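A.B. asks: Fold the stuff below for me.
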Amino acid sequence: MSEYVIAIDQGTTSTRAIVFDKAGSVVSTGQLEHTQRLPKPGWVEHDATEIWKNTREVIGQALSRADITRHNIAAVGITNQRETTVVWDKNTGEPVYNAIVWQDTRTQSIVDALAADGGVDRFKEVVGLPLTTYFSGTKIKWILDNVDGARERAEAGDLLFGNTDAWVLWNLTGGTDGGVHVTDVTNASRTLFMDLETLDWRDDILEVFGVPRSMLPEIKSSSEVYGQVESSSLLREVPIAGILGDQQAATFGQAAFAKGESKNTYGTGNFLIFQTGEEIVRSKNGLLTTVGYRLGDAKPHYALEGAIAVTGSLVQWLRDNLGIISSAPEIEQLAASVDDNGGAYFVPAFSGLFAPYWRSDARGALVGLTRFVTKAHIARAVLEATAFQTREVLDAVNADSGVDLSELKVDGGMTANDLLMQFQADILGVPVVRPVVAETTALGAAYAAGLAVGFWSNLDELRANWQEDKRWEPQLDASGRERQLRLWKKAVTKTFDWVDEDVE
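C.D. replies: Numbering: from 1, shown residues only. Sure, this is the predicted structure:
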């Protein structure tokens, strides 16, 4: 009897395997962090081989902690850090270079060269995305241009590309011995190469980038059987039946399936997804147009997305780089020891500014400092930066959709911080709601896989699983809210135009 579905959540800082039951509740978890490699300013890399090793280990952890075997598992779902780029040799299974992470900004010169003909919106009408360092396409080009022999091997048909979903899937299904080279529509929509209407790779764009089509995985839906786990794995012969990029997965796990429904995930960065149904809405306010999900042969569902590069990672920076706190949870107590930010505002444009500004020339700034400001005020400013950035993204969503949000569903690690969630409600002026099951990213991948094999029957069954855990109501008056926003927007302008042409 297959009572469970297992999800592999390959994230930016760790890889997890989580077992879910039919009610969508967590049964067990395995988790391992991987090394964050920062060889130069603006460069962020992961060892894809380490990620694959960790994936196998966390599967074992999750199964043993639940005291179950593969016979209890109906299907495997995969969710992943999107845009993070792996290029590997299909004959040896070895990556030709470290995975280049979505936060990495080394490809700005490639972006500038491509934007010289048509601007940063050169391909946006087709792919829904502006030209930035964020997406996979420029990272693939950088590897082909800078790794010795890579372009020749790619043109010979020996190299494969994938975001980490495709890397994990290929290895799970056998690797060099028959591995399946597939991605889903949500991940494909983050490369700069997929036509939103046809859901296929665009040969003309690939030609501009100089990327051979043979490198790219086949694009499939988010919910279908792609293959079975290979014979040496603890999950051998279990079907792999769901793939969703992490933010789309979190939206799916929040049971936000319908047009007008949304969620905001608080993780390394923040990502707000607003479902637009079967309609492609092209943003006029700095948002991304992306695929929300596609179930089997059904029509795709699209979404608007506001991507914020630095939120939870700013708390890590405060801990690791400045030593102001010794663990991430300490920030709430420190920030709560003062009544406000003391006039300090922290704009964490470490990798430039993402939505709604898309300013690659921006860099982080801490402004409004006086001798009154203490480390507690700085801690509060760090938390408030997440809420301010979310407010600006939501304003853009409201402008694009014409529908004002009535409440915000939230998930991710930072939602455990009551001070942040209350300030988020205050600065939005609408309630903020957290579900009982906080692991919505992994749950979304489990749902997609379970639907494909009949473990769950339909979306209504998944909606019935969703339960509210906590709700924060706004307490700040309108004038206080507007004053805070005015000062925040003023602080943001201080980060612009920092990077000169002679700055790497």
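A.B. asks: Okay, and the residue of the chain positioned farthest from its centre sits in which element?
C.D. replies: Distance to the chain centre peaks in the chain at Arg371, reaching 38.0 Å (criterion: CA atoms, centre = their mean). Taking DSSP states H and E as the definition, one finds Arg371 inside no helix or strand.
A.B. asks: So Asp361 sits against Gly352, correct?
C.D. replies: Yes. Contact criterion CB atoms under 8 Å: Asp361 and Gly352 qualify, at 6.8 Å. All C-beta atoms are positioned from the backbone trio N, CA, C, and that covers glycine.
A.B. asks: ok so, going back, tell me the pLDDT at the residue farthest from the centre of the chain?
C.D. replies: pLDDT recorded at Arg371 is 94.
A.B. asks: Please tell me how far it sits from Ala344.
C.D. replies: Separation of Arg371 from Ala344 (CB to CB, to the nearest Å): 12 Å.
A.B. asks: Let me see the mean pLDDT of stretch 41-50.
C.D. replies: 94.
A.B. asks: quick one, phi/psi of the residue nearest to Asp47 when sequence neighbours are not counted?
C.D. replies: Excluding the flanking residues, the one nearest Asp47 by CB to CB, 6 or more residues apart in numbering is Asn98, at 5.9 Å. Dihedral angles of Asn98 (phi, psi; degrees, to the nearest 10) stand at phi -60, psi 150.
A.B. asks: before we move on, back to that, for Asp361 and Gly352, indicate the residue with more neighbours.
C.D. replies: For the pair Asp361 and Gly352, the greater number of neighbours falls to Gly352 (24 against 16), based on other CB atoms under 10 Å.
A.B. asks: Which residues are in contact with that one?
C.D. replies: 105, 132-133, 309, 358-363, 499 (CB atoms under 8 Å, 6 or more residues apart in numbering).
A.B. asks: So the residue farthest from the centre of the chain versus Glu152, what's the distance?
C.D. replies: Distance of Arg371 to Glu152, computed by CB to CB: 60 Å.
A.B. asks: any shared contact partners between Asp361 and Gly352?
C.D. replies: Val499.
A.B. asks: List the buried residues for the lengthiest helix in the chain?
C.D. replies: In the chain, assigned by DSSP state H, the helix with the most residues is helix 375-401. Under the neighbour-count criterion of 16 or more other CB atoms under 10 Å, helix 375-401 has 376-397, 400-401 buried.
A.B. asks: coming back round to it: tell me how many other residues surround the residue nearest to Asp47.
C.D. replies: For Asn98, the neighbour count with other CB under 10 Å is 21.
A.B. asks: again, but for Arg434
C.D. replies: For Arg434, the count of nearby residues is 21 (other CB under 10 Å).
A.B. asks: and it, helix, strand or coil?
C.D. replies: Three-state call for Arg434 (DSSP: H, G, I helix; E, B strand; the rest coil): strand.
A.B. asks: For the stretch 51-200 of the chain, which segments count as strands?
C.D. replies: For the stretch 51-200 of the chain, the strands defined by DSSP state E, counting those that start in this stretch occupy 73-80, 85-89, 99-100, 159-163, 182-184.
A.B. asks: The second one to strand 159-163, inter-axis angle?
C.D. replies: Read that as strand 85-89. On the basis of axes from the mean of the first three to the mean of the last three CA atoms, to 10 degrees, strand 85-89 is oriented at 150 degrees to strand 159-163.
A.B. asks: Is it correct that Tyr4 is in contact with Phe20?
C.D. replies: Yes. Counting by CB under 8 Å, Phe20 is a contact partner of Tyr4 at 6.4 Å.
A.B. asks: now the helices for the stretch 101-250 of the chain?
C.D. replies: Taking DSSP state H, counting those that start in this stretch as the criterion, the stretch 101-250 of the chain carries its helices at 108-115, 124-127, 136-146, 150-155, 164-172, 185-188, 203-209, 246-253.
A.B. asks: An error on my part: the question was meant for the stretch 351-500 of the chain.
C.D. replies: For the stretch 351-500 of the chain, the helices defined by DSSP H, counting those that start in this stretch cover 375-401, 418-428, 440-452, 459-465, 478-493.
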